[in-house]
Structures are given as structure tokens and as C-alpha cells.
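> Generate a structure from the sequence data that follows.
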Amino acid sequence: MARNKEALVLLLDVGPSMHSVFPQLHKLCSMLMQKKLIYTKFDKVGIVLFGTEETRNNLTTEVGGYEHVAVLKNIKVVDGDIVEALQELPRGTKNGDFLDAVIVGMDMLIKRFRKTKKGKKRLCLITNAQCPIKDSVEGTKEEQVTTIAKQMAVYGMRMESIILRGKLTQDANKRVMDENDRLLRIFSKEMSTKLLYVEDPVSLFGALKTRNVAPCSLFRGDLELCPELRIEVMVYKKTMEEKFPTLKKYSDKAPPNDKYATHEVKVDYVYKSSEDNDKVVLPDQRIQGYRYGPHIVPISAAEWDAVKFKPEKGVKLLGFTDSSNVLRHQYMKDVNIFIAEPRNTKAVLSVSALARAMKDTNKVAILRCVWRRGQRNVVIGVLTPNVTDRADIPDSFYFNVLPFAEDVREFQFPSFTNIPPSWQPNEQQLEAASNFIKMLDLAPEGNEEVLLPDFTPNPVLERFYRYLELKSKNQDAAVPPLDHTLKKMTEPDVDLLLQNKSVIDSFRRSFELKENPRHKKSRRLLRERRTDSNEEEGKGDITAHPANLIEYTSAIKVENIEDPTPAEDFEAMFSRRDSPDWIVKAIKDMKNKIFDLVENSHEGDNYPKALECLVVLRKGCILEQEPKQFNDFLRHLRNFCRQKNLRSFCQYLSSKGLTWISNREAVDSEARNFVVKHEPKVE
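Numbers count the residues shown, from 1 in each chain. Take a look at the predicted model:
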């Protein structure tokens, strides 16, 4: 068997205690085979069932015993027959002995591959471990398990055990389960095998890794702490997005009776001159270019190669910083893991000492990384210590890429502290929101976290694999509905919502929830359109939507700014969310109102009201992140006062300390934080 191939023997418990999870067991095992057909079609698979009525295995014939263990499929290259066999598993009637099944599966691998070290030999046990194990003829059960584990290690086998423990029935024997768990832990300790306990069907889907990715190092070399101190490390991908299998072009033009036809489609590109469509442009006559304004700047291959940044390969430490200085949202791309070079004792001790010192001092390291020679870019990232308590697992580091200045996206949103007091949530609303969040917490205190990443499969990929298997049998197969188990990952838990109906009702009563129009135009786009259009055309009144179609956010439907209460009318119009036009109209009407108040003032009697309107307008422009509108209006107002000989109003604003909107309050502002000053009167 080739080194990159795998021989897998599935050991499936089909006894009566497993009947309740048979639908999920069928889907899980079928999905495993479907992925092998896509990614590793030359892998070999065998299936052993225990807990069956019949007994069918070679060991029973040769030495006796091993009853109620049946070999459903001998080890062979995975094909459609194995997929169909897993979809129609027989229901057993006897209690299964998982240790007998392990020995039968191990015997199948030994007889097929002997002691060859090539390839991967794996046993996968899926059971609830609720049935008792027969007593050993020689020695204790623990000694028997230890002997089996050592024998498996001699033949280069690995084993993983998936124990499904949902809601236990009254028939479940706690003493038997504890004994079985103790025996399975011996396997895990002696062989460093994986032992997983799952509580629900969703976790079962993610517990069995249906696609094994061979480890491939991203970097092998020295972690340079300083020119005189280096640690030999290896870097691997820890997490990486799983993508759809690559689609290939397929042709059915080959003769049906040609068994050597590959059905491949080859694509050739021909470049022709834009001036003469019949003239073919040869490769040495073509050149790449970049758009620069209205022009195309040609850059030859030699020039492009000369301008490339060619850093030297290596991983260098830039320094240390407190872990609080590197925020989680700054992590980019995938996660890598740094480990010491295997079998290098000095490197293992150095990595462990550095990781534990960093954890004790709450520090992280900033690295400069160039993974391979010829890499065009330099990666700056953070190294986080990963300290373990297990003696058989060495300490390591996790590495996350950090953004450069061009990678950061700064989105400035209005702060809740700047909104009017009437919009601020009260204590009752805050408590209702807090209870609502606690109700939907996926990691409640005292309970295991729901939807753990390690046990939650991608529902989109799982559905794709299922549909691909259907299409392989029937070209006209329709897309099946989303599986119930996968749907639980993408939709709220109905039982949880019903149990906490009172919390949801309290949250609904505490907040006035309104429905917004679905096809609402962009507010900024609408403002720009109004600015570009004739100002006279924008003076028409805005027609409100009928009340039976859209409910307004504001309790009072104010449509104009009136003389008695201009500031209150502005806030009421500003709070309306049935149309973005109300914001535009409120700002424009308030500007006109301020002009009227200043111009019609007698010895400054309207100045306080005008100042009040300016303060409200300023706050509204900050909320909408439109500082330019207010600052331009303030300039216009100052020029207006100069022309109308109303410099006393500018003096009044200066005495009250009214400022322009600075770039600290709104990032788009080009003004600095200074007070509006008046010009001295020239005699």
C-alpha cells in the first residue's frame, strides 16, 4: 500500500441500544465514503458490525468465540457498493462486545498488510459503550486491553473511538459504562489514540473526520530570536477554510466504446489585434499593463521582476508586547502552529521555556515571517503561547497574521452617548436585553458549549456531498431538502425558544419594534442626488407614506419645523425612519430657520433660540457623520452676518464657545477643534 493511502476498518455497534441513532449513523458513515470517493478514491475500507444476530468472521472459524461479530465488507478499494451497504445497515438484536470487534478488525488488517509500515492503517470504533465486555480467559480485562494496544502499535495501527452518549435510558448500567470508559482510556493512553464523547447527532457528524489531510509544513528552519540565538522549528496550518472540490471540464464527444478516453477538455487562448481581427498577436509581442487613470502603463516581464520585493527566507523576532495590545479582531487569514523540530531535545526545551515564560508574563511575540525563498511579501504576525499539561504533548505556539495599515478598515459609527436622552435605553430595557442574550448563550455556565468548532461540520459542504452522491446514481436527481441534523446548525433551537418564551415576550414588550421599508435607497446617495439637482426642485413637501403601510418610529409625525419649538421639531423629524428624505429635509429646514432667526432679530432677542437650533443641528450632523454640512453652513452663516452687518451674532457665538465639528468628533471632518471667532469691526 502506498504511503499516502489509507486502510480503514469501521467498527460499528448495531445493537439494540444504538437503534435510536441509526439514521445519523447511516448518514455519517455514508458521508465518509462519499468524501473518500471524491478526494482519495484509492483508499481501502472494511466494515465490521457487532451486536448482530449472526456471527460471520474468520476468527470464529479459526479459534472460536467472537460471537455476534459480522464482517459486512472485507477490506477493498472504496466504491459505490460500500456506500449503499452503509445506508442499509442491519439492526442487531444482541449486546455487542466492542473488544471482540476491535480484535476482528485488527486481524483483518494484519492478514491484509502484515507488518508493512507503508500507508496508514486505522480502526474507527463507533459505539455507546453501554454493553458489558466478556471476562478475559487469561488475566484481567485491563491486561488484555494493554496487550491488544501494544500489538496494534507493533503493526503500525491507529484507533479512534467515538462514544455516543445522549440522553441515557433507565436500562443504562452506570457501572458497566464506567468500566468500558476505563478500558477505552487505556487504548488512548497506550497508543495516543483519540477518544471522543459526543452528546447529540450534530456533534456526531463532526466527530469523525471524514477527510484526513496529510500534514505539510509551511516552514522549516530557525526561529531567530537574535543573531546569536536560534531555535529550530516547524510551522503547520492549524486551521484552513475547506473549499468545494475543484470542478473540471468534461466532454462527452469521445466515442462511447473507447475505454481509454479521458474526456478531458483542453482550452487554448488566441490573442488578436484590436485593429485587425485576423492578425494573431504572438506571446513575445504581448505585454502586461496596469491602469493608471485614463492610461495603461505597460510593464515588461523583466521590469516586473526587477521591481519585485525579494526578502530573504526566515522567521525573526521583532519584540514582545502585552497580550492586551493585540486584539482578537486584528487576526487575519488562517491560524498556524509553531512546534519544535521533532526529536530535537534542545529545541523542545527552548520552545517550552519560551512559551511558559510568555504565558507567566502575559506576553505575546511579534514576528517577521518569510515562509519560502522567492516569496513576494513579508508577513507580520503575533505568536501566542500554547502551554499543555500533558506529558506526551510538547508546548507550542499559535501564529496569527496581523494587518498592515492598508488592511485596516475604519468604520466610524455614531456613539450611543451622543444620541438624545429620549433614545437612550432605560434600566428595564437593558435588563430585558441582558436576559435575552443569556438565553441564547451557546456556552452557558456549568454546561458544555454548543456547536463546538471541532464537532460542527459545514452544512453547505455536507449537503453538496450528499447531492453529488445522488447525481452519480441519477443524472436527473432533484436537490434534496436540507437534512434535519444539519438544519439544527443553521436555525435557532425551537425547543430553546419555547422554553424561554417569557424572556422573548419581555424583550418584545420593552422595545417598540418597527418594520422598515425593504427597498430603502441609500441615504448618502439620496443626499448627493439632491445636492446635484436644482435647489428649487427640492423645496417641495415630502409626502408621508400612509400610516397603515409603514409605522413611524416617532410618536408625533412632525413634517415641518415650526416657530414655537424648532429644536423639538428638528429632533422629531430626525427620528423618523420611514424615509431617508426626512433627515435631508430636517437639516435644510433648520438651516433656513436659523437664517430667519438671525436676520429678523431685534437687538439680539432671537440669538438664544438661534444658538439652540445650531447646537441641535450640530449634534444631528455628528450623528449622521456629515460634518461638512455643518461646517460649510457655519462659514456661510458667518459670511451672511458680515454682509448684513450682524457681527454681534458672531460675537455672541464666540462668547458661548460654539465650535466647528472637529475630526475627533467625526473622522470625515477637515476642521480642527476651534471656536468660531468674530472679526473686529473696521472703522
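
> hey, let's count contacts and neighbours off CA atoms from now on
Will do.

> Just to be sure, residue 355 is in a helix?
Yes: checked against DSSP: H, G, I helix; E, B strand; the rest coil, residue 355 lies within a helix.

> Could you measure from it over to residue 143?
38 Å (CA to CA, to the nearest Å).

> May I ask which helix or strand of this protein has the lowest mean pLDDT?
Sorting the helices and strands of the chain by mean pLDDT, DSSP states H and E puts helix 523-532 at the bottom, at a mean of 45.

> Contacts for the helix or strand immediately after that helix in the chain, please.
Of the helices and strands lying after helix 523-532 in sequence (DSSP states H and E), the nearest is helix 566-574. The contact list for helix 566-574, computed with CA atoms under 8 Å, 6 or more residues apart in numbering, reads 554, 556-562, 582-583, 586-587, 590, 593, 612-613, 616, 620.

> 6 Å instead?
With CA atoms under 6 Å, 6 or more residues apart in numbering as the test, helix 566-574 has contacts from 558, 561, 583, 586, 613.

> what does stretch 99-107 give?
residue 66.

> Of all the residues in it, which ones are buried?
99, 100, 101, 102, 104, 105, 106, 107 (16 or more other CA atoms under 10 Å).

> before we move on, the earlier item: between which two of the contacts of helix 566-574 is the distance greatest?
558 and 613 (16.4 Å; CA to CA).

> hmm, back to that, more crowded one of residue 355 and residue 143?
residue 355 (22 against 14; other CA atoms under 10 Å).

> still on that earlier bit, the more surrounded of residue 558 and residue 613?
Taking other CA under 10 Å, residue 558 and residue 613 do not tie; residue 613 has more neighbours (21 against 18).

> Identify the residue spatially nearest to the more buried one, adjacent ones excluded.
Leaving out its chain neighbours, the residue that sits closest to residue 613 by CA to CA, 6 or more residues apart in numbering is residue 567, at 5.5 Å.

> three-state assignment of residue 66?
coil.

> List the backbone torsions phi and psi for it.
phi 50, psi 50 (degrees, to the nearest 10).

> Check it and give its pLDDT.
For residue 66, the model assigns a pLDDT of 85.

> OK, contacts around it?
60, 100.

> returning to that earlier point: could you report the separation of the residue nearest to residue 613 from residue 560?
Counting by CA to CA - residue 567 and residue 560 are separated by 11 Å.

> Point me to the helix or strand that includes residue 47.
strand 44-50.

> tell me the mean pLDDT for that strand?
Strand 44-50 comes out at a mean pLDDT of 91.

> what does stretch 345-356 give?
The model assigns stretch 345-356 a mean pLDDT of 94.

> Show me what it is in contact with.
231, 232, 340, 385, 395.

> Can you list the low-confidence ranges for the stretch 101-250 of the chain?
115-119, 166-172, 192, 201, 210-212 (pLDDT under 70).

> same check, this time on the chain
By pLDDT under 70, the low-scoring segments of the chain are 1-4, 115-119, 166-172, 192, 201, 210-212, 513-557, 577-578, 663-664, 666-683.

> and the residue nearest the centre of it, how far is that from residue 375?
Centroid-nearest residue in the chain: residue 241, 8.8 Å away (criterion: CA atoms, centre = their mean). In this view, residue 241 and residue 375 are 22 Å apart by CA to CA.

> So what's the gap between the helix or strand containing residue 505 and the chain middle?
Element membership for residue 505 (DSSP H and E) is helix 501-510. Offset of helix 501-510 from its chain centre (CA atoms, centre = their mean, to the nearest Å): 30 Å.

> And the helices in the stretch 251-400 of the chain, which stretches?
301-307, 345-360 (DSSP state H, counting those that start in this stretch).

> Out of these, the one nearest residue 60 is which?
The nearest among these, by CA to CA, is helix 345-360 at 47.3 Å.

> how about that closest one: buried residues?
347, 348, 351, 352, 355, 356, 358.

> what's the answer for stretch 479-490, then?
Buried-residue list, stretch 479-490, by 16+ other CA under 10 Å: 485, 486, 488, 489.

> CA-only coordinates of that stretch, as PDB, when you get a sec.
The C-alpha coordinates for stretch 479-490 follow below in PDB (Å, rounded to 0.1, in the frame of the first residue of the first chain):
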ATOM      1  CA  VAL A 479     -31.800  18.800  -4.900                       C
ATOM      2  CA  PRO A 480     -32.800  17.200  -1.600                       C
ATOM      3  CA  PRO A 481     -34.100  19.300   1.300                       C
ATOM      4  CA  LEU A 482     -31.600  20.200   4.000                       C
ATOM      5  CA  ASP A 483     -31.100  17.400   6.400                       C
ATOM      6  CA  HIS A 484     -32.800  17.800   9.800                       C
ATOM      7  CA  THR A 485     -29.500  17.400  11.700                       C
ATOM      8  CA  LEU A 486     -27.700  19.900   9.500                       C
ATOM      9  CA  LYS A 487     -30.600  22.300   9.800                       C
ATOM     10  CA  LYS A 488     -30.100  22.400  13.600                       C
ATOM     11  CA  MET A 489     -26.800  24.200  13.000                       C
ATOM     12  CA  THR A 490     -28.300  26.900  10.800                       C
END
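
> ok so, going back, ok, the residue nearest to the centre of the chain to residue 402 distance?
From residue 241 to residue 402 the distance is 18 Å (CA to CA).

> next one: residue 246
30 Å.

> same deal with residue 13?
For residue 13, the distance to residue 402 equals 47 Å [CA to CA].

> the more surrounded of the two?
Each of residue 13 and residue 402 has its neighbours counted (other CA under 10 Å); residue 13 has more, 29 against 22.

> beta partners of that one?
residue 50 (DSSP bridges).

> List of residues touching the helix holding residue 505?
Contacts for helix 501-510 (CA under 6 Å, 6+ apart): 429, 432.

> According to the record, where do the domains of the protein fall?
The record's domain parsing of the chain by automatic domain parsing lists 2-207, 216-403, 549-683.

> Distance to residue 459 for the ones you listed - can I get that in JSON lines?
As requested, the domains of the chain are exported to JSON lines (distance: least, CA to CA, whole Å):
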{"stretch": "domain 2-207", "distance to residue 459": "10"}
{"stretch": "domain 216-403", "distance to residue 459": "12"}
{"stretch": "domain 549-683", "distance to residue 459": "37"}
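
> so which of these gets nearest residue 429?
When those are ranked by proximity to residue 429 (CA to CA), domain 549-683 comes first, at 17.0 Å.

> on that earlier part again, go through the domains of the chain and name the closest to residue 467.
Here domain 2-207 is closest among the domains of the chain (CA to CA), at 10.3 Å.

> what about the helices in the stretch 101-250 of the chain?
Under DSSP H, counting those that start in this stretch, the stretch 101-250 of the chain gives helices at 141-154, 174-191, 201-207.

> Return the most buried member of the ones you listed.
Each of the helices of the stretch 101-250 of the chain was assessed for mean neighbour count using mean count of other CA atoms under 10 Å. The highest is helix 201-207, with a mean of 22.

> could I get it in PDB with only the CA atoms?
Extracted C-alpha coordinates of helix 201-207, given in PDB (Å, rounded to 0.1, in the frame of the first residue of the first chain):
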ATOM      1  CA  PRO A 201     -26.300  13.900  16.400                       C
ATOM      2  CA  VAL A 202     -24.800  17.300  15.400                       C
ATOM      3  CA  SER A 203     -21.600  16.600  17.300                       C
ATOM      4  CA  LEU A 204     -21.600  13.000  15.900                       C
ATOM      5  CA  PHE A 205     -21.400  14.500  12.400                       C
ATOM      6  CA  GLY A 206     -18.300  16.400  13.200                       C
ATOM      7  CA  ALA A 207     -16.600  13.900  15.500                       C
END
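
> Share the number of residues neighbouring residue 625, please.
Using other CA under 10 Å, residue 625 has 18 other residues around it.

> sorry, back to before: can you add distance to residue 634 and give the helices of the stretch 101-250 of the chain back as TSV?
Output for the helices of the stretch 101-250 of the chain, formatted as TSV (distance: least, CA to CA, whole Å):
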stretch	distance to residue 634
helix 141-154	82
helix 174-191	75
helix 201-207	61
